[in-house]
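Novice: quick one, fold the following:
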Amino acid sequence: MAYASVLSRDPAQTYRQIDLAGRTANADGPALVQLLYEELCLALRVAAWAAEHRKYAVKSERVTRATAILFALEANLDFEKGGSVSTTLARVYAGARKQVIEASLGQDGAPFRQVADTISEIADALIGEEGRGFRYILDGLNAERALIAAECIGDGYWFIERAARYGSERVVFDRPIGRNQGVQFPIAQAYMEIRAADLMRYEACRLFDAGEPCGAEANMAKHLAAEASWKAANACMQTFGGFGFAAEYDVERKFRETRLYQVAPISANMILSYIGEHVLGMPRSF
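Specialist: Model prediction:
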């Protein structure tokens, strides 16, 4: 009946209310906030038009609606989760509310449009649910873990290729040094570990691309790849012997570079702690 009574006076507004009710029925938190932003911007732009065309009743109704939405947005801020972002938004909403109320006393539509433009910028900048930005960043770091794992694996293959070739070509006492098990076996062992880390890297990437949880796999891939790359670096350096420290062979440069990934961008101990606590369910170790 409410829709029917309004329909005769303002059909467009009635259909808009029906559309809004349908859109909010199954909307989650972020979607509802987005709808509030849309309704707020619409109310402000209509208020600007009404002020310039001296449609006082329309302006009053839209100012009331815009003020109510600003109150609702401010009241639902989560300062505990949102921190400084929520504090900043609270100041923006309070300032916008003050500007709207002051503009309602005049006939200038510019202040309404300025507030609408500000709110539009905020709406465009919001990604996901307000207050959960840090969680989104942590999820994005899984891609970084996989990327670093790929870099370590590439380094590992480089060390293996150089060590295997040098071991096959370097002749001492009339035989290639690669015929000695003490030289050959560490290279073979490092190669197998690089291949295993490579498989875990691909699994982490597969899960990430599918939008599935991949924190454990990404962390394991980074840890295994960093360990395997370091083992390959040591095998390569041992194979080259003193020549490994000669700049023209590039081994010493790569040797220094690959050691970095034991501690950065996340240390091996932090990964082990993560696996122990979040995968194995053990007590937190720090």
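
Novice: find me the pLDDT at residue 192, would you?
Specialist: We note a pLDDT of 98 for residue 192 in this prediction.

Novice: against which helices or strands is the helix or strand hosting it packed?
Specialist: Using DSSP states H and E, residue 192 maps to helix 181-209. In terms of contacts (3 or more CB pairs under 8 Å, 6 or more residues apart in numbering; DSSP states H and E), helix 181-209 is packed against helix 133-169, helix 215-240. No exception for glycine: its C-beta is placed from N, CA and C like everyone else's.

Novice: rank these by pLDDT, which is bottom?
Specialist: Taking the mean pLDDT of these, helix 133-169 comes last: a mean of 92.

Novice: what's that one packed up against?
Specialist: strand 175-176, helix 181-209, helix 215-240, helix 251-259.

Novice: what residues sit buried inside that helix?
Specialist: 133, 139, 142, 145-153, 155-160, 162-164, 166-167 (16 or more other CB atoms under 10 Å).

Novice: please apply the same query to stretch 232-243.
Specialist: Buried, per 16+ other CB under 10 Å, within stretch 232-243: 232-237, 239-240.

Novice: what comes into contact with stretch 251-266?
Specialist: 144-145, 148, 151-152, 155-156, 158-159, 162, 219, 222, 225-227, 229-230, 233, 236-237, 240, 243-247, 268 (CB atoms under 8 Å, 6 or more residues apart in numbering).

Novice: gap between that stretch and the chain center?
Specialist: Centroid separation for stretch 251-266 versus its chain: 25 Å, with CA atoms, centre = their mean, to the nearest Å.

Novice: measure that stretch end to end?
Specialist: 24 Å (CA to CA, to the nearest Å).

Novice: go through it and flag the buried ones.
Specialist: 251-252, 254-255, 258, 261, 266.

Novice: please apply the same query to stretch 213-227.
Specialist: 214-227.
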